[in-house]
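Chemist: how would this look folded up:
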Amino acid sequence: MSRRDAHHGDAVKLYRNPKSGHCHRVELMLALLNVPYQTVDLDMANGAHKAPDYVKISPFGQVPAIEDNGISLSDSNAILVYLADRYGDLNNWAGRDPLERAEVQRWLSVAAGEIFQGPCSARLATLFGVPLDHQGAVEKAHALFAVMEARLEGREWLALERATLADIAAYSYIAHAPEGGVSLEPYPSIRSWLQNIEALPGFVAMARSPALA
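Modeler: You can find the predicted model right below:
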């Protein structure tokens, strides 16, 4: 009962833009945890994310946000941690000891930093016309991918020897990097890693847009 068509009193409500990687990482986590959820697509072009009722849920007026049994929460990485703890095995997803947790957290920071500045920003400029330095974002994406390619050579997963929050947080914008003009062709280890995530039971994809590269 985890698909987005779940109409259940206890379903998690996910406020999103269907082409946002930040939103997709939360939907992917819900699906992998087999949690019933409903999606609410916000008309962001007309300012639905800044409406007073929505700002009560997401104070910065950003997506994603969730409502779950009377609580509301925003920020995609915070939501990932919450979902893993409430509906899954947090130790499995976030690390079982101090070093494992630090390795996972490092990649959550990369998701909020280098991934946002690189493939996410390149895609924002291309798909949504956000006034960002597209060429600079493409260069940052390739610099990031060079590091990730070396990290993933001979490995199945980013942080640990199993799928963790690190993989879920990183997946969406990297899988859709070509939509922002960032080719994945030079990075066979990254492409294999993406396939590993796509093979996880319950995986749900984000809507594709025409690729620039």
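Chemist: quick check: mean pLDDT of the lengthiest helix in the chain?
Modeler: Longest helix in the chain, counting residues (DSSP state H): helix 134-152. What helix 134-152 shows for mean pLDDT is 98.
Chemist: right, and the helix or strand after it?
Modeler: helix 165-175 (DSSP states H and E).
Chemist: centre of the chain to the host helix or strand of Val26, how far?
Modeler: Assigned by DSSP H and E, Val26 belongs to helix 21-32. Between the centre of helix 21-32 and the centre of its host chain there is 6 Å, according to Cα atoms, centre = their mean, to the nearest Å.
Chemist: any idea which helix or strand comes after it?
Modeler: strand 37-41.
Chemist: and the next element down the chain from that following strand?
Modeler: Criterion used, DSSP H and E; the element after strand 37-41 is helix 52-57.
Chemist: any regions of the protein where pLDDT drops low?
Modeler: For the chain, applying pLDDT under 70 flags the ranges 1-9, 213.
Chemist: and it, what are its domains?
Modeler: Residue ranges for the domains of the chain, per automatic domain parsing: 12-88, 94-198.
Chemist: a markdown table for those domains, including distance to Pro210 and mean neighbour count?
Modeler: C-beta coordinates here come from the backbone N, C-alpha and C atoms, glycine included. Shown next, in a markdown table, are the domains of the chain (distance: least, Cβ to Cβ, whole Å; neighbours: other Cβ atoms under 10 Å):
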| stretch | distance to Pro210 | mean neighbour count |
| --- | --- | --- |
| domain 12-88 | 12 | 18 |
| domain 94-198 | 7 | 19 |
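Chemist: tell me, what residue is most central in the protein?
Modeler: Of all residues in the chain, the one closest to the mean position by Cα atoms, centre = their mean is Arg25, 2.8 Å from it.
Chemist: just checking, Ser76 touches His22?
Modeler: Yes: Ser76 lies in contact with His22 (Cβ atoms under 8 Å); the separation is 4.3 Å.
Chemist: list residues touching both of those two?
Modeler: Pro64 (Cβ atoms under 8 Å, 6 or more residues apart in numbering).
Chemist: circling back: which other helices and strands does the helix holding Val26 contact?
Modeler: Judged by 3 or more Cβ pairs under 8 Å, 6 or more residues apart in numbering; DSSP states H and E, the packing partners of helix 21-32 are strand 12-16, strand 37-41, helix 76-87, helix 165-175.
Chemist: and the third one, what does it pack onto?
Modeler: By that I understand helix 76-87. helix 21-32, strand 65-68, helix 90-94, helix 98-112, helix 165-175.
Chemist: now the ones you listed in TSV, with distance to Leu200?
Modeler: Listed next are these as TSV, based on distance: least, Cβ to Cβ, whole Å:
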stretch	distance to Leu200
helix 21-32	6
strand 65-68	21
helix 90-94	12
helix 98-112	16
helix 165-175	9
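Chemist: out of these, nearest to Gln135?
Modeler: Closest to Gln135 of these, according to Cβ to Cβ: helix 165-175, at 17.5 Å.
Chemist: got the angle for the helix or strand that the closest one is followed by vs helix 134-152?
Modeler: Remark: after helix 165-175, the chain's next helix or strand is helix 188-198, criterion DSSP H and E. Here helix 188-198 points in a direction 80 degrees away from that of helix 134-152 (axes from the mean of the first three to the mean of the last three Cα atoms, to 10 degrees).
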